[in-house]
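# Provide a 3D model corresponding to the input given below.
(one chain, ligands or ions: 2)
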Amino acid sequence: MKITNICCIGAGYVGGPTMAVIAKKNPHIKVTIVDINAERIAAWNDEDVSKLPIYEPGLAEIVKETRGKNLFFSTEIDKAINASEMIFISVNTPTKTYGKGKGMAADLKYVELCARNIAEVAKSDKIVVEKSTLPVRTAQAIKSILDNTGNGVKYSILSNPEFLAEGTAIEDLLNPDRVLIGGESEDAIESLANVYGSWVSQDRILRTNVWSSELSKLTANAFLAQRISSINAISELCEKTEANVGEVARAIGMDSRIGSKFLNASIGFGGSCFQKDILNLVYIARSYGLNEVADYWEQVIILNDHQKRRFSDNLISTLYNTVSGKKIAMLGWAFKKDTNDTRESAAIYVADHLLSEQAHIAVYDPKVSEERTQLDLNYLNTRSEEENKDLVKTYSDPYEAAKDAHAIAIMTEWDEFKAFDWQKIYDGMKKPAFIFDGRNILDQKEMEAIGFEYSSIGK
Ligand code: UDX
Ligand code: ADP
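Ligands and ions are numbered 1, 2, ... in the order given. Predicted coordinates for the structure are as follows:
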């Protein structure tokens, strides 16, 4: 099928950047991103590209170049579905918060609603592409909905999981390690391969069956998360044995079988994918009675929770066993640098723990709004919204955030933190002035020379 019109349902962190790059690299294809969230679509259409709903280095430039030419953002979902030959489903698949599989399984209601929406309005044959991360065998459910409630229209379902990481999404999309396409229909697979073929060489485009493709995405995220939990487990051992986790990571990373990436010890991984996908993997394994497999992967999450808890416990015990009434400045709220995304950010859980110990928290993050910070804490339901508002203040100036603080906790590895005037920060703080570097980004000797009591992860 020759593709001239693409519709993407879901204008989020995956749909937005992916479609922007597809549009840029395929000027002959009209790409329309639709969403039920009118506010989000309005933000994508804002004249001022610095107001786009998501921040990704390089994204605003591409949107500026393509928007209104062959990239469109709209709330007219039915119209866009009808006009396209290929429809990407890029909606959220959060962990279920109710019923069977609560806290473990992926909630597929948004995906199902999309499938029903397509089935209801489509009048011509469509290729439907799963872009959201989905449990293995979801394609079967989508196909069944499309085939049973449709009007004689033929559908081909493809799985095309996205491997981009936030903060480097555009770079990852422009130069992917691989593009994975799972499907039954060779024609459909080749139609999608041609879209990517505009800028990705064919040897990097893998074709598999649908189930391998769906499971590969979960497996990739599980392996990546497992590496972080592995190095974080070793970081705790390092702290007891005078080994240095940075040195250990370098030593093992030079083994080409292990590789050097993804070995940074931290306060624990966050983000919308790792925890959700592993929980989902565990749930699926358990539902097939594979308890050893489930337990094995569950340990990655247990260790990650432990790492976050350990960080806040250490902070409290170092501050003479109490943070009650003390101001703690948290630098960074996003789950990693170069994004405004805070989903599952370790900062939220560390803050919540410190707040339960009656700390006052001052947050500085270059890209995260006060509103977002409050929403994240309120979502946990640990205390009232008024209390969160009283106890957590957000600052646009890091020096103000740190003023009169007893301790600084570095939660996100933003580059700008390294270039701060740390002497000035020290001068404004209560003494002794503590730094808890949850990202190992500062130089210990330099900080100690200024007078800080400095501690980091795994040293
Ligand atoms: C991840 C996968 O990398 C990506 O392929 C998939 O498509 C979506 O999930 P993302 O969550 O955007 O991407 O970011 P990633 O760079 O993987 O980081 C996830 C978390 O792990 C962050 O909190 C990060 O700070 C943390 N991390 C990463 C570490 O703590 N140490 C590391 O060495 C690497
Ligand atoms: P991701 O990180 O997977 O991209 P996001 O939450 O950032 O997830 O984006 C998903 C988007 O999908 C949201 O903007 C949401 O409003 C949209 N969405 C969810 N369900 C539907 C639906 N049935 N029709 C259209 N858009 C939807």
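# quick check: residues of the stretch 251-400 of the chain near ligand 2?
residue 272 (Cβ under 6 Å from any ligand atom). Yep, even glycine has a C-beta here, placed from its N, CA and C like the rest.
# ligand 1 contacts on the protein?
162-166, 221, 224, 228, 262-264, 266, 269-271, 273-274, 335-336.
# could you pull out the helices for the stretch 51-200 of the chain?
Here the stretch 51-200 of the chain has its helices, by DSSP state H, counting those that start in this stretch, at 59-66, 77-83, 109-121, 138-149, 169-174, 186-197.
# looking at the ones you listed, which is nearest to residue 345?
Evaluated over those, closeness to residue 345 peaks at helix 169-174, with 17.2 Å, by Cβ to Cβ.
# residue 405 contacts residue 323, correct?
No: under the criterion of Cβ atoms under 8 Å, residue 405 is not in contact with residue 323, lying 10.9 Å apart.
# so for those two, which sits in the more crowded spot?
residue 323 (25 against 22; other Cβ atoms under 10 Å).
# got a list of what the more buried one touches?
Counting by Cβ atoms under 8 Å, 6 or more residues apart in numbering, residue 323 makes contact with 315, 316, 354, 357, 358, 359, 406, 407.
# so which of those residues sit within helices?
Counted as lying in helices by DSSP state H, out of the contacts of residue 323, are 315, 316, 354.
# leaving out chain neighbours, which residue sits closest to the first one?
The one in question is residue 315. Once flanking residues are discounted, residue 315 sits nearest to residue 436: 5.1 Å by Cβ to Cβ, 6 or more residues apart in numbering.
# tell me if I'm right that that neighbour and residue 312 touch.
No: applying Cβ under 8 Å, one finds residue 436 not in contact with residue 312, separated by 9.0 Å.
# pLDDT weak spots in the chain?
Across the chain, the ranges flagged by pLDDT under 70 are 150.
# check it for the residue nearest ligand 2 and tell me.
Residue nearest to ligand 2 within the chain (Cβ to the nearest ligand atom): residue 12, separated by 1.9 Å.
# what's the burial count for residue 223?
11.
# no no, residue 88
29.
# again, but for the one 10 residues further on
Other residues within reach of residue 98 by the criterion other Cβ under 10 Å amount to 8.
# for it, give its distance to residue 218.
Distance from residue 98 to residue 218, counting by Cβ to Cβ, to the nearest Å: 22 Å.
# which residue is the nearest non-sequential neighbour of the residue positioned nearest the centre of the chain?
With distances taken as Cα atoms, centre = their mean, residue 271 lies nearest the centre of the chain, 3.4 Å away. Using Cβ to Cβ, 6+ apart and skipping the chain neighbours, the partner closest in space to residue 271 is residue 335 (4.7 Å).
# if I pick residue 92, what's in contact with it?
Residue 92 neighbours (Cβ under 8 Å, 6+ apart): 10, 12, 110, 132, 272.
# can I get the residues you listed in a markdown table with neighbour count?
Putting the contacts of residue 92 into a markdown table (neighbours: other Cβ atoms under 10 Å) gives the following:
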| residue | neighbour count |
| --- | --- |
| 10 | 25 |
| 12 | 21 |
| 110 | 17 |
| 132 | 24 |
| 272 | 21 |
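# out of those, which one sits closest to ligand 1?
Distances from ligand 1 to the contacts of residue 92, taken as Cβ to the nearest ligand atom, are shortest for residue 272 (6.6 Å).
# so that closest one is in contact with residue 13, correct?
Yes: counting by Cβ under 8 Å, residue 13 is a contact partner of residue 272 at 7.2 Å.
# shared neighbours of the two, which are they?
Shared contacts of residue 272 and residue 13, defined by Cβ under 8 Å, 6+ apart, are found at residue 341.
# coming back round to it: got a quick PyMOL command for the buried subset of the ones in helices among the contacts of residue 323?
Selecting the buried subset of those in PyMOL, with 16 or more other Cβ atoms under 10 Å as the burial test, is done by:
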select buried, resi 315+316+354
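# so how far is residue 345 from the residue of the chain most remote from its centre?
For the chain, the largest distance from the centre (Cα atoms, centre = their mean) belongs to residue 152, which lies 38.0 Å off. Separation of residue 152 from residue 345 (Cβ to Cβ) stands at 47 Å.
# burial count for residue 345?
Neighbour tally, residue 345, other Cβ under 10 Å: 28.
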